[in-house]
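Student: Fold the following.
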Amino acid sequence: MVRDLLNDYVNKQNCRIWREANPQVHVETPLHPEKLTVWCALWAGGIIGPYFFKNDECHNVTVNGDRYRNMITNFFIPELNNHEVQELWFQQDGLTCHTARATIDLLKDTFGDRLISRFGPVNWPPRSCDLTPLDYFLWGYVKSLVYADKPQTLDHLEDNIRRVIADIWPQMLEKVIENWTSRLDYLRASRGSPMSEIIFKM
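Tutor: Numbers count the residues shown, from 1 in each chain. Predicted structure coming up:
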């Protein structure tokens with residue numbers, strides 16, 4: 001069974017209950033469950049975000065190219081300037097909204113040749129989540145903690161995400177980036193072959 005953690009809806013498509021009489025029970029469920037779309041940037045010195053994608057009425061929305069570029073322009077770049085990070089490399093995965101021509105042009109204007117992305121100056125290999133600290137560390141770590149008190153609303157879940165990310169210590173991020181460089185060294189030495197085991201030490 002698939003359970004929606006926020007509204008306790010159980011997908012009964014593969015669940016059958018046999019009774020002598022028809023119980024005449026109707027369960028109304030939304031076609032698409034409510035969800036959050038959250039973005040973060042991570043480097044050894046800290047985390048920028050979380051940023052929650054919302055429309056002008058503050059309703060949660062999914063990300064598209066326009067919303068992603070708006071976030072980069074109005075949230076990420078100003079936050080980056082507040083941290084006074086110099087010579088930063090920007091790495092992103094190959095989602096369509098990340099790699100649209102207008103998005104890549106915006107990121108090249110900001111980072112120049114220090115862009116690791118599909119269609120960017122440094123092409124990031126597809127399906128390489130074991131080389132992305134957000135994938136192999138941050139999102140798993142956050143998910144392991146935000147559901148501990150079983151949030152029942154998206155606002156509660158959003159608050160939990162903000163709290164968990166704010167509580168991540170700089171020393172932990174330093175170790176994550178040390179691990180990331182170890183992964184890169186391993187790949188260089190093995191000439192890009194898949195990792196035979198998960199390399200992660202905290």
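Student: So which residues of this structure form strands?
Tutor: Counting by DSSP state E, the chain has strands at residues 2-3, 10-11, 38-43, 46-52, 90-91, 115-116.
Student: Which elements pack onto the third one?
Tutor: Think strand 38-43. Using 3 or more C-beta pairs under 8 Å, 6 or more residues apart in numbering; DSSP states H and E, the elements in contact with strand 38-43 are strand 46-52, helix 170-189. No exception for glycine: its C-beta is placed from N, CA and C like everyone else's.
Student: what's the most buried one of the ones you listed?
Tutor: A comparison of those by mean neighbour count, using mean count of other C-beta atoms under 10 Å, puts strand 46-52 on top with a mean of 17.
Student: how far off helix 170-189 does that strand point, in degrees?
Tutor: 100 degrees (axes from the mean of the first three to the mean of the last three C-alpha atoms, to 10 degrees).
Student: tell me which strands and helices strand 46-52 is in contact with?
Tutor: Of the remaining helices and strands, those touching strand 46-52 by 3+ C-beta pairs under 8 Å, 6+ apart are strand 38-43, helix 77-83, helix 154-166, helix 170-189.
Student: coming back round to it: out of the strands of the chain, flag the one nearest Val176.
Tutor: Comparing those against Val176 with C-beta to C-beta, the closest turns out to be strand 38-43 (7.3 Å).
Student: Dump that closest one to CSV, restricted to CA.
Tutor: The C-alpha coordinates for strand 38-43 follow below in CSV (Å, rounded to 0.1, in the frame of the first residue of the first chain):
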residue,chain,number,x,y,z
VAL,A,38,12.2,22.6,-2.0
TRP,A,39,15.6,23.7,-3.3
CYS,A,40,18.9,24.2,-1.4
ALA,A,41,22.5,25.0,-2.3
LEU,A,42,25.3,23.4,-0.3
TRP,A,43,29.0,24.1,0.1
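Student: ok and that strand relative to helix 170-189, angle-wise?
Tutor: Put simply, strand 38-43 runs at 80 degrees to helix 170-189, going by the same axes, to 10 degrees.
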